[in-house]
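**Q** coords below, sequence missing:
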C-alpha cells in the first residue's frame, strides 16, 4: 500500500508539471512606429522582438502598426517582412524555452511564404502565410528564439500573432525520476 501511495504521488508531480504547460497567445497588432526592439509579456513569459536583414548581423528596426510587426531596414524599405532588396528577419526571443504552436500573419497577398529559424538555425522553408493561423504540434519546434523570414523577393507580410506553450521545467522531471528511483530501491529492499 505504501508503494502504491508513493507511486501515485510521483505520477501526480509529473502530471502537475505537464499541466503547467500553458498555451500563451501574443497579439502583436496595435501601436505604431519603429524601434530597435519591442517587449511583449503574457502570463509571465516575455518575448522580445528584434529585426535584422541579410542574416542575423545587420540590425534593423521592428516596425509596428495596427496589422502587426514588420521589419524596416532603411528609409526606402517597406514596414513589412519582405524579401525585396534586402531579406528581412523578425526574431522573437523568449526568457524561457517554449514550444512554438503557431503564427498568424497580416498584409498577406495570398501566395506569401516564410522560412522559420529556431535558435538561429534554419528549421523549415516555404511555409504558407495564408488561411489564418499556421499551427504546429507541441514539441515540433522548441527553443528560446524563433525567426520569420520572407522566402522570396515577392513575399511581404507582417506577423500579427504568435502562440507558444511553456515547456515544463527539467527539475520537475528530475524530481519525478528520483521518485521512481526511490520506488525501485524500496522494491529491492523488500525482495
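**A** Ah, there it is. All values derive from a computational prediction rather than experimental measurement.

**Q** shaky segments in the chain?
**A** Within the chain, the ranges that satisfy pLDDT under 70 run 1-21, 131, 169-191.

**Q** who does the biggest strand by length in it pair up with?
**A** Selection of the longest strand in the chain by residue count, based on DSSP state E, yields strand 88-106. Sheet pairing of strand 88-106 (DSSP bridges) gives strand 45-53 (antiparallel), strand 134-135 (antiparallel), strand 142-150 (antiparallel), strand 156-166 (antiparallel).

**Q** and the gap between residue 151 and residue 160?
**A** For residue 151, the distance to residue 160 equals 18 Å [C-beta to C-beta, to the nearest Å]. Backbone N, C-alpha and C define where each C-beta goes, glycine included.

**Q** please say which of these two ends up with more neighbours.
**A** Neighbours were counted for residue 151 and for residue 160 using other C-beta atoms under 10 Å; residue 160 has more, 20 against 17.

**Q** and the more buried one, what does it touch?
**A** 27, 28, 29, 67, 68, 69, 104, 105, 106 (C-beta atoms under 8 Å, 6 or more residues apart in numbering).

**Q** can I assume the second one is in contact with residue 161?
**A** By that I understand residue 28. Yes: counting by C-beta atoms under 8 Å, residue 161 is a contact partner of residue 28 at 5.7 Å.

**Q** which residue is nearest the middle of this structure?
**A** In the chain, the C-alpha nearest the mean C-alpha coordinate belongs to residue 100, at 3.9 Å (C-alpha atoms, centre = their mean).
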